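1. Prediction below, plus the sequence it came from.
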Amino acid sequence: MHTNRWTRRQFCQKMLGALAAPAIVPATALGMGGRAAPSERIVMGTIGCGSRGMDDMQNFLANADVQMVAVCDVQASKRKLAKAAVDKYYGNQDCATYRDLRELLARPDIDAVLIATGDNWHTMATILAAKAGKDIYCEKPMSVVVAEGRALCTAVERYGRIFQCGTQRRTVDRFAWAVELARSGKLGQLKTLYAEMAPAEWFKQGHHEITLPPEPEPPKEVLDWDLWLGPAPWRPFNPRYVQRHFWMAHRDFAGGMLTEWGSHTADLCQWANDADATGPVEFELAEGTVIAHYANGVRLFFEPGKWPLHVRFVGTEGEVYVDDDGNVEAKPQSLLADRRFGKGYPQANHVRNFLDCVKSRKQPAAPAEGAHRANSACQVANICLQLGRSLRWDPATERFVNDPEADRLLSRAYRPPWSLI
Amino acid sequence: MFQTNGKKLVGLLLAAVMVALWGAGAPMAGAADEKLDKAFDALKTYDWGTDRSVLKPIEEAIVASHKDAAAKKKLEMRLAEALKSNVSQAAKDYICRQLSLIGSADCVPAVAELLTDEKLSHMARYALERIPDEEAVAALREALGKTSGKVKVGVINSLGVRRDAKSVEALTALLADQDGEIASAAAASLGAIGTVESAKALTEFQAKAPEKLQLAAADACLVCAERLAAAGNKAEAMALYKLLAKSEIKHVKLAATRGMLALAGKKEKPTEKQ
């Protein structure tokens, strides 16, 4: 493991000093041609290069002060595509590729990483990155079980890293505006929040632990099955595991429909309820879904999902509805005035916010604690459904109230060598 | 007379109602038992890729046993028996998952048997880490001397998760292991245990750790300092932070400084200048 005796900027400064008269210096290296000067660039690596990772990475590449130097994926085909995209963008062949994230994280020249692996890897990859002194943009949901999210928050705090969760609706204007309506009291006293789960048709088999028949394991260079599994229990290879719609419904790899969208929608609800550093105190099982109760009397309904993703906040004097298609409704309508909002849920603002915070060292829009609290509310709701009963929750200790049986589901043993400690 | 007859009548009615309820309930309970028996039978041939729904009655019985200690114990012992039988790895994986939910000291001997099995050690830990009884930790401690390589790393990790102070001596010895993953895991677990004794071991390790283990040693010291501080051992925590504040690794130095300030009750913590 390398040690960071020199920062990249110190390295750049020393190297520039040593190179008194370079024969040819590309304009981009001097900060011309729309690129930031090397000393102002944030050197990055991407870990996890599936469709989401590629989309995120393009958003990072679009920023002139980003220099993407490496990509990592356990699948060769994805590594190849990601490298091609980076090399095409810069017009060179310089992007390094890695199968094992530990090798990428050992590079002292990398300041920050984009983590867009499967959910099962989000926590471990973030903790390893924090230990290596990197800042982190990590896709949602940031963990599979509650203890993972807490461990992630602790590691990020311990090392003073900048962490942005990929809950980009926090920086989409209409969602942020709706939250502000709730927080500023313009809806009166907040009463009810509606957080949508992902559509049930994506999760026809529920949140499951299905195993699949063994198939021949590909060579490590093609797909490193052991690394793909990471901390999760071992099983023989079957290509279906690697398909997103299979793993995201599997308990070993993801939180199912609750965390898939809940990490966005419950996040916005918690933010609206000024609950970024806490959570509900009771989870009531109600006809296949869950109603979470906060200490301030506000109720959060986890609603069965249907496109487009939306949230609704209801207060004593008004309510607001916002969705991904750009629909915004408010009662009274005067709350809307003549505001106009865009459509979609772009992450460009979210990425820019992260990069700015890497430079300023200020907290970004979706820091670890808030993202964890929202995701853990979804995870506790999942435990309710698994145990088939309502549960009382202590957000201070992050344990159930007098329920050691339910407490068991807050953590899981990691497969070696991976560990949360 | 009428009163007596009335009481008899009420009694007869109650008896009739109870008989009716029993009559209706018994087949239901019988059907549930039958389904459960079938599920346990299915475990004998269960393998990767087998339709998981055949085992669902076991999961349903576990959920239903929430407030029925006797039923829970019966299920636990049945699962432990099945675990000892000649079933597939997939079936043992499944059983360990269920025992992680309801297991107690009583099933620990059956689970602990798997700790030294390269293919099943992780699932044994999956159950044992969640079983709150001391016997589960004792089984992990005992497995420390019987395992090697990655299996040993897993056992070390679990001892750290359970914060087993009785393992400090054994873990301290493992800091000198030639296998870097074992030494690194031992350091992490000592940090998580976070006692004054583990701090002492980590202080010595930090000073002499080979370069490839320097970050692991530093991280373990930082975790240990946090655990010491939380337990009120502020002087020992500060000593660890002071040690790390001399580190040449920039982000470790920063973490140590942040720790020292937190210990001193300062809310503002330094951040790294990019």
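-> Cool, got the structure.
2. For the closest residue to A:Arg169 other than its chain neighbours, which residues are in contact?
-> In space, not counting the residues next to it along the chain, A:Arg169 is nearest to A:Phe175; the distance is 4.3 Å by CB to CB, 6 or more residues apart in numbering or on different chains. Every C-beta, even on glycine, is put in place using the N, C-alpha and C of the backbone. By CB atoms under 8 Å, 6 or more residues apart in numbering or on different chains, the contact set of A:Phe175 is A:169, A:268, A:311, A:322.
3. Next: B:Lys253.
-> When contacts are counted by CB under 8 Å, 6+ apart, B:Lys253 touches B:244-247.
4. swap in A:Thr259?
-> For A:Thr259, the contacting residues are A:119, A:140-141, A:375, A:378-379, A:382, taking CB under 8 Å, 6+ apart as the criterion.
5. Between the residues you listed, which sits nearest A:Met68?
-> A:Lys140 (21.1 Å; CB to CB).
6. Not counting residues beside it along the chain, what's closest to the closest one?
-> Distances taken as CB to CB, 6+ apart place A:Ser263 nearest to A:Lys140, at 4.2 Å, with adjacent residues excluded.
7. Name all residues that make contact with that neighbour.
-> Here A:Ser263 is in contact with A:140-142, A:165, A:167, A:255, A:371, A:374-375, A:378 (CB under 8 Å, 6+ apart).
8. Among the contacts of B:Lys253, which lie within helices?
-> Under the assignment DSSP state H, the contacts of B:Lys253 contribute B:244-245 to helices.
9. Show the overlap between the contacts of B:Lys253 and what lies near chain A.
-> With CB under 8 Å from any CB of the partner chain as the criterion, no member of the contacts of B:Lys253 is in contact with chain A.
10. and of the contacts of B:Lys253, the nearest to A:Leu81?
-> The shortest approach to A:Leu81 among these belongs to B:Ser247, at 38.9 Å (CB to CB).
11. Touching, the closest one and B:Thr257? I think so.
-> No - with contacts counted by CB atoms under 8 Å, B:Ser247 stays clear of B:Thr257, the gap being 10.3 Å.
12. More neighbours: which of those two?
-> A direct count of neighbours by other CB atoms under 10 Å in any protein chain shown for B:Ser247 and B:Thr257 places B:Ser247 higher, at 21 against 16.
13. Just say helix, strand or coil for A:Pro304.
-> At A:Pro304, secondary structure determined by DSSP: H, G, I helix; E, B strand; the rest coil is strand.
14. quick one, what contacts it?
-> By CB under 8 Å, 6+ apart, the contact list for A:Pro304 reads A:196-197, A:200, A:289.
15. Same check on A:Lys220?
-> Contact criterion CB under 8 Å, 6+ apart gives A:99, A:226 as the residues in contact with A:Lys220.
16. Just the element for it, please.
-> Taking DSSP states H and E as the criterion, no element holds A:Lys220; it sits outside all helices and strands.
17. Show the pLDDT at the residue nearest to A:Lys140.
-> Looking at A:Ser263, its pLDDT is 97.
18. what's around the closest residue to chain A within the stretch 51-200 of chain B, how many residues?
-> Sorted by distance to chain A under CB to the nearest CB, the residues of the stretch 51-200 of chain B start with B:Gly154, at 3.7 Å. Per other CB under 10 Å, the neighbour tally for B:Gly154 reads 27.
19. does it sit in a helix or strand, and which one?
-> According to DSSP H and E, B:Gly154 maps onto helix B:149-161.
20. ok, residues contacting the following helix or strand past that helix?
-> Following helix B:149-161 in sequence order, the next helix or strand is helix B:168-174 (DSSP H and E). If you take CB under 8 Å, 6+ apart as the criterion, helix B:168-174 is touched by B:141, B:144-145, B:156, B:159, B:182-183, B:185-186, B:189-190, B:193, B:195, B:197-198, B:201.
21. Tell me the buried residues within those residues.
-> Buried residues within these, defined by neighbour count using 16 or more other CB atoms under 10 Å in any protein chain shown: B:141, B:144, B:156, B:159, B:182-183, B:185-186, B:189-190, B:193, B:195, B:198, B:201.
22. where does chain A dip in pLDDT?
-> Low-confidence regions of chain A, defined here as pLDDT under 70, cover residues A:1-33.
23. now for the helix or strand containing A:Thr154, which elements pack on it?
-> Secondary structure from DSSP H and E places A:Thr154 in helix A:146-159. In terms of contacts (3 or more CB pairs under 8 Å, 6 or more residues apart in numbering or on different chains; DSSP states H and E), helix A:146-159 is packed against helix A:119-131, helix A:368-387, helix B:214-230, helix B:250-263.
24. Try it again at 10 Å.
-> On a contact count with 3 or more CB pairs under 10 Å, 6 or more residues apart in numbering or on different chains; DSSP states H and E, helix A:146-159 meets helix A:119-131, strand A:135-138, strand A:163-165, helix A:368-387, helix B:214-230, helix B:250-263.
25. Surely A:Gln379 and A:Leu409 touch.
-> Yes - applying CB atoms under 10 Å as the test, A:Gln379 and A:Leu409 come out as touching, 8.6 Å apart.
26. shared neighbours, the two?
-> Applying CB atoms under 10 Å, 6 or more residues apart in numbering or on different chains, one finds that A:Gln379 and A:Leu409 are jointly contacted by A:145-147.
27. residues making contact with whichever strand or helix holds B:Pro109?
-> Here B:Pro109 sits within helix B:108-112, counting by DSSP H and E. Applying CB under 10 Å, 6+ apart, the set of residues contacting helix B:108-112 from outside is B:76-77, B:79-85, B:92, B:95-96, B:99-100, B:103, B:120, B:123-128, B:131, B:133-140, B:142-143.
28. what's the average pLDDT for that helix?
-> In this model, helix B:108-112 has a mean pLDDT of 98.
29. ok, stretch A:92-100 near chain B or not?
-> No - using CB under 10 Å from any CB of the partner chain, stretch A:92-100 never reaches chain B; the gap is at least 13.8 Å.
30. out of the buried ones among the contacts of helix B:168-174, what pair is the most spread apart?
-> Maximum pairwise distance in the buried ones among the contacts of helix B:168-174, criterion CB to CB, is 20.4 Å, between B:Ile182 and B:Thr195.
31. quick one, phi/psi of the closest residue to A:Leu128 other than its chain neighbours?
-> Once its chain neighbours are removed from consideration, A:Leu128 has its nearest residue in A:Leu105; the separation is 5.7 Å (CB to CB, 6+ apart). The phi and psi values for A:Leu105, taken as degrees, to the nearest 10, are phi -70, psi -20.
32. How many residues are close by A:Leu105?
-> Neighbouring residues of A:Leu105 were enumerated by other CB under 10 Å; the total is 24.
33. same deal with B:Asp37?
-> 12.
34. for the one 3 residues further on, same thing?
-> Here the count is done by other CB under 10 Å, and B:Phe40 has 18 residues near it.
35. I figured it hits B:Met77, correct?
-> No - using CB under 10 Å, B:Phe40 is not in contact with B:Met77; the gap is 11.7 Å.
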